[in-house]
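1. Any chance you could fold what I've pasted below:
(chains A and B)
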Amino acid sequence: MTAALLLVATPALAGPLDDPHVGSLGFSGPTTGDLTAVYWNPAALGLLQGNQFMFGASLRATQVTVNRAPIDPSTGLPGGTSGFPSASGRGLEQPMAWPPGPAGFLGVGAGVARRFALAIATYTPFSQKLSFDVATPTRYHLVSVDSRQLALVTGLAIEITDSLQVGVAPGLLFSYGHLVFDEDTALGSPSVEDPNAAARYDLATDGTQAPSYFVVGGIHFRRATWEVGLAYSSAPLGSNGTVKLAMERSQVTPPATAATSDLCSAVGHSPCVSGEMRYHLPDIFTAGVTWHATPHLDAVGIVRWVRYGEYDQITIRLVGPSGNGLLANGLTDQLVLYRGFQDSWDLRARLVHAPLRWFRWSGTLRMETSAVPEANVNAAAVDGLKFEPALATEFTLGRHLRIAAGYALTWMVPVTVSNSVFNPAAAAACAQAAYDLSSPACQTRLAGQALPTAAGSYKMLQHTLALMTTVSF
Amino acid sequence: MFARLLTTLSLVFAFAGCSEGPVFEYDSLPIDLQRAPTAPGGPAMGATMARVQVGAATPLLAIDTGSLLSTLRRGDCPSPTTEPTAYSGDIQLLAASDSGAPLRASFRGVTLFDLCAGAVGDANTQVAGILGGDILLNFSVAFALPRDPSDPNQPPTMTIYSNLPASDPDLAANGYAVMRVVLRGSSVAATASGNGLPGLPSSRVVLRVCANPPPFSPDGSEQTCKTGEVEVQASGTNLLLALSTGHGPLVLSASAWQRLGGQVPAPLGAGEPALYSPLVADPIPAHWAIVSRLAVVDGDSGDAWPGACAELARGRRIEWTLANQNNGGCFQPCDVSGGVALPAAAYLEIGSDLPAAVVSDTSDLISNLNEDFPSGAQVDGVIGAETLAGTSFQIDYVSQSQGRWVAACEPGADRQTCWASPRCYGLSSSGQKQMCFGLPPLGLAPNCPQ
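-> Predicted coordinates for the structure are as follows:
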């Protein structure tokens, strides 16, 4: 089945927002009867026996290299002689941070009265962390981003029959965001990408935001040596999948060419810009099959369909001081950052071998298709077809304690963007058309694509080191 | 079983998102507007207008926040006796700028009424329809109405935003006067024959106003006010006015004008220019007068609220106290509760010598403003676009359950023509520095002896 799914899957990405290793690295999945089931498939909580406590932490180091294609300095379009130095972005995600997460898992649960299981857990299903140098050539798309969605979930599983469980896990999603990028205020003029004309937008929430709601539901079926799990994790409910972040700690620094260097000087307090950021999160379908080939060997196939298709743009609305504020300084107070994501498929095949009662190991090969079409790739959305080998081991210490550790190396097939969707000439053309929305240039601007080109080559490498402790009692 | 589940899930997702509704397209950049004359022969500082695509023609379209409904006539104007019909149509909104008429916003699949709007400003300024509150209600809409209509670099503009994501205190700290407003006018439109027409949401912004308050300067003399005298010490006349960018001047009912101490000639409007309103088909006889100044004041209409003029007077006293605390200024007893000073309400004061059209209480315009809430407080008239010259304001219909009107003066305005005073928060925290009324950070002034 896994092989068949691999054959029909569209090449795509491991989502740039999605944590593919919630819970442990190498053992968890939609047929796994431990507390990570609140994320993977709440029905599998029904396999839980007794009480359980799990704590996991991962270190995820991401390195992105961007080599922008030379541009024509008069138009900003690719193909000229004005080159850029290579830009290197790095991100280190680990759970020991505030606001909490990402890359952590904490859960506690219990089987109750034979047919029920209850659990509560917290984890970070979506996150993105990447920082470039402040003067990076990628500045018009991204200087840095730190985005986290912390989930707090309660799970309930019911055993319908000996072989069938259903489960549901409603949860709260606490969001945090910090995004830094530049806007070329002279876009379309001869001085394309002039650093003196760059306004810096440094937008941040004040801690985590009031939560949105989501739910995970699933079924688990077992027959002979086969186990099958199916699950669905919703996007935020009640808002059409949209997350709204109040960016209460935001700063906008006018370009060097502006009359004012500090927007806040007139009102005597800082920060003096507040705003809201909106974007979509995907819903996720997950399916998994486990074949207990022998008492010591399991073969596992997992497929995740991450519906990124709705994640088309980030919209930002800002409010600054009255009088000599944003608009008076030629700064826009409504921005659209184009993303143009597509659905991605995450496919993994795994062997779990338990040669000893107190030891088992697993080997996983994961492939994930790109959530970002090639033309839409930019420093803020680097993605491509990815391959990830992973190894994990687990030791059982005594009757109650299990410790698992794993390592995964994620390699993205380098992406070369030759036909970037971002068109710096559209800004000038739209202005020349008096911002006529029926003009193609203004439609490009409206979609958030009237930005400096993102043509170039993109490489990404990710190391993930995970540790999970499970206590059964 | 799995197949059934997958089928069910597929159906759920197939039907999700099938709901139909209006489609809006806009870019949140300013849309250049045109101004109608304020009155026959008056300056072009009146009603705000854009253009609308109707076939190959691009007639004028009034932008009227005071209209409960949006209209766009199809073909020739029907006779006045023809009952209005509603239809689902599009408004392709074009800028009314010197550089042509570019498409600037699109409202597709909206409910429109096939009505002939009245002329606006004068008989020669005919509009094909009205973009009214029922559509604007979906947005946070900003207007910039410069004082100098002849400056080509500063045309009047309207900007459509999806929301206004800032709290009242944040807006106040940034210099905006935030008024919580009451949206009124919801009704089930019905024709004389009883044919039901689409219901109309409450979208008319009604503001609380103090008309003809005395001039004020923090350099002036102290105003005293003993406990319980807050209303006694107020000056000016409380009014309830609808915000209507489809009108130019301030429009007052005759009874409101008389409360201001004005005389109403009989017959009203004889020998004077008529008022042309987009809400009424025929010109309205009007007596033209001058209101020295007015202040739009934040507040509610609860029993405990002392009224716009009393709130204005309190705000001025508190400002005087803070500005003069180094010279012995203290909070007046009527402005103190529980030993601490009360907050000063936000207000926007506009002056001076504002043209006003006085119309009969029984005119169609005043009746129209009041017929949808006969049991509530009566609307005394309209604040038009000319009255708000030199201001920029945003009607935030969407960010809170009740609307907000967020106002500021254009940069460089002097206090006598425009003064936006944000709500002064936090006067109860001893030792805390305050930034209010454009003053430098100040400590807490003492209370005056009783």
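
2. When you work out contacts or count neighbours from here on, use the C-alpha atoms and nothing else.
-> OK.

3. Report the next helix or strand after the lowest-mean-pLDDT helix or strand in chain A in sequence order.
-> Lowest by mean pLDDT, DSSP states H and E among the helices and strands of chain A is helix A:2-8, with a mean of 36. Per DSSP states H and E, the first helix or strand lying C-terminal to helix A:2-8 is helix A:37-40.

4. Tell me how many other residues crowd residue 352.
-> Using chain A. Neighbour count for A:Val352, taken as other Cα atoms under 10 Å in any protein chain shown: 21.

5. Correction: the question concerned chain B.
-> Residues near B:Ser352, counting by other Cα under 10 Å: 17.

6. hmm, the helix or strand hosting it touching chain A?
-> Take DSSP H and E as the rule and B:Ser352 turns out to sit in strand B:347-359. No: using Cα under 8 Å from any Cα of the partner chain, strand B:347-359 stays clear of chain A, with a minimum separation of 13.5 Å.

7. Check which residues of that strand are buried.
-> By neighbour count on 16 or more other Cα atoms under 10 Å in any protein chain shown, the buried set for strand B:347-359 is B:347-352, B:354-359.

8. average model confidence for it?
-> Averaging pLDDT along strand B:347-359 yields 94.

9. Pull the distance from it to the chain's centre.
-> Here strand B:347-359 is found 13 Å from its chain centre; the criterion is Cα atoms, centre = their mean, to the nearest Å.

10. So what are the sheet partners of that strand and their directions?
-> strand B:250-253 (parallel), strand B:287-297 (antiparallel), strand B:418-421 (antiparallel) (DSSP bridges).

11. what's the following helix or strand after it?
-> Immediately after strand B:347-359, counting by DSSP H and E, sits helix B:364-370.

12. neighbouring contacts of the next helix or strand after that next one?
-> Downstream of helix B:364-370, the next assigned helix or strand under DSSP H and E is strand B:381-383. Here strand B:381-383 makes contact (Cα atoms under 8 Å, 6 or more residues apart in numbering or on different chains) with B:240-245, B:247, B:249-253, B:366, B:369.

13. what's the most distant pair in those residues?
-> Maximum pairwise distance in these, criterion Cα to Cα, is 17.7 Å, between B:Thr245 and B:Ser253.

14. Which one of the two is surrounded by more residues?
-> B:Thr245 (27 against 23).

15. Surely that one is in contact with B:Ser67?
-> No: B:Thr245 sits out of contact with B:Ser67 when judged by Cα atoms under 8 Å, with a separation of 9.1 Å.

16. What sits closest to the residue of the stretch 351-450 of chain B found nearest chain A if chain neighbours are left out?
-> Closest residue of the stretch 351-450 of chain B to chain A, Cα to the nearest Cα: B:Pro411 (5.1 Å). Nearest residue to B:Pro411, sequence neighbours excluded (Cα to Cα, 6 or more residues apart in numbering or on different chains): A:Gly323, at 5.1 Å.

17. list the helices and strands the longest strand along chain A packs on?
-> Using DSSP state E to define each element, chain A has its longest strand at strand A:164-184. If you count contacts as 3 or more Cα pairs under 8 Å, 6 or more residues apart in numbering or on different chains; DSSP states H and E, strand A:164-184 packs onto strand A:144-161, strand A:198-204, strand A:212-223, strand A:242-253.

18. With chain B as the reference, name the closest of the ones you listed.
-> strand A:242-253 (7.3 Å).

19. Run a quick neighbour tally on B:Ser99.
-> Neighbours of B:Ser99 (other Cα under 10 Å): 11.

20. try B:Asp414
-> 10.

21. so what's B:Arg404 up against?
-> B:178-181, B:395-397.

22. how about a markdown table for those, with distance to B:Asp219 added?
-> Converted to a markdown table, these look like this (distance: Cα to Cα, whole Å):
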| residue | distance to B:Asp219 |
| --- | --- |
| B:Val178 | 25 |
| B:Met179 | 26 |
| B:Arg180 | 30 |
| B:Val181 | 31 |
| B:Ile395 | 33 |
| B:Asp396 | 35 |
| B:Tyr397 | 38 |
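
23. between those, which has the most around it?
-> When neighbours are counted by other Cα under 10 Å, B:Val178 leads the contacts of B:Arg404 with 29 neighbours.

24. Look at that one and report its pLDDT.
-> Looking at B:Val178, its pLDDT is 95.

25. What is the three-state secondary structure of the residue in the stretch 1-150 of chain A positioned nearest to chain B?
-> Across the stretch 1-150 of chain A, the shortest distance to chain B (Cα to the nearest Cα) belongs to A:Ala43, at 13.9 Å. Secondary structure, DSSP: H, G, I helix; E, B strand; the rest coil: A:Ala43 is helix.

26. can you count the residues close to it?
-> Neighbour count for A:Ala43, taken as other Cα under 10 Å: 35.

27. Tell me the spatial nearest neighbour of it, not counting adjacent residues.
-> Leaving out its chain neighbours, the residue that sits closest to A:Ala43 by Cα to Cα, 6+ apart is A:Gly167, at 3.7 Å.

28. residue ranges for the strands of the stretch 351-473 of chain A, please.
-> A:359-368, A:386-397, A:401-412, A:415-417, A:456-472 (DSSP state E, counting those that start in this stretch).

29. nearest to A:Tyr39, of these?
-> Using Cα to Cα, the nearest of the strands of the stretch 351-473 of chain A to A:Tyr39 is strand A:456-472, at 15.2 Å.

30. Now do that closest one against strand A:401-412, angle only.
-> 170 degrees (axes from the mean of the first three to the mean of the last three Cα atoms, to 10 degrees).

31. helices or strands up against strand A:456-472?
-> By 3+ Cα pairs under 8 Å, 6+ apart, strand A:456-472 packs against strand A:51-68, strand A:401-412, strand A:415-417.

32. what does the stretch 151-300 of chain A put close to chain B?
-> Proximity of the stretch 151-300 of chain A to chain B (Cα under 8 Å from any Cα) is limited to residues A:246, A:267, A:272, A:274-276.

33. Among those residues, which one has the most neighbours?
-> Neighbour counts for those (other Cα under 10 Å) peak at A:Ala246, which has 28 neighbours.

34. so that residue touches A:Val273, yeah?
-> No: A:Ala246 is beyond contact range of A:Val273, at 11.1 Å (criterion: Cα under 8 Å).

35. phi, psi of A:Phe84?
-> The phi/psi pair for A:Phe84 (degrees, to the nearest 10) reads phi -130, psi 150.

36. what's the following helix or strand after the least confident helix or strand in chain B by mean pLDDT?
-> Scoring the helices and strands of chain B by mean pLDDT, DSSP H and E places helix B:2-15 at the bottom, with a mean of 40. Remark: after helix B:2-15, the chain's next helix or strand is strand B:23-26, criterion DSSP H and E.

37. Looking at the contacts of B:Arg404, which are in strands?
-> Counted as lying in strands by DSSP E, out of the contacts of B:Arg404, are B:178-180, B:395-396.

38. wait, which of those residues is closest to A:His280?
-> Distances from A:His280 to those, taken by Cα to Cα, are shortest for B:Asp396, at 23.8 Å.

39. Tell me who's in contact with that closest one.
-> Taking Cα under 8 Å, 6+ apart, one finds B:139-141, B:163-164, B:403-406 in contact with B:Asp396.

40. redo that, cut-off 6 Å
-> B:140, B:403-404 (Cα atoms under 6 Å, 6 or more residues apart in numbering or on different chains).

41. Tell me which of these has the lowest pLDDT.
-> B:Gly403 (89).

42. Flag the shaky bits of the chain, pLDDT-wise.
-> Since you didn't name a chain, this refers to chain A. Applying pLDDT under 70 to chain A flags residues A:1-16, A:101, A:188, A:190.

43. wrong one, I was asking about chain B
-> Checking chain B against pLDDT under 70 turns up B:1-20, B:78-82, B:187-198, B:300-303, B:372-377, B:426-434, B:442-443.

44. residues in it within reach of chain A, list them.
-> Contact residues, chain B versus chain A (Cα under 6 Å from any Cα of the partner chain): B:102-104, B:165, B:174-175, B:411.

45. Mind doing that once more with 7 Å?
-> Residues of chain B lying close to chain A by Cα under 7 Å from any Cα of the partner chain are B:27-28, B:102-104, B:165-166, B:174-176, B:408, B:410-411.
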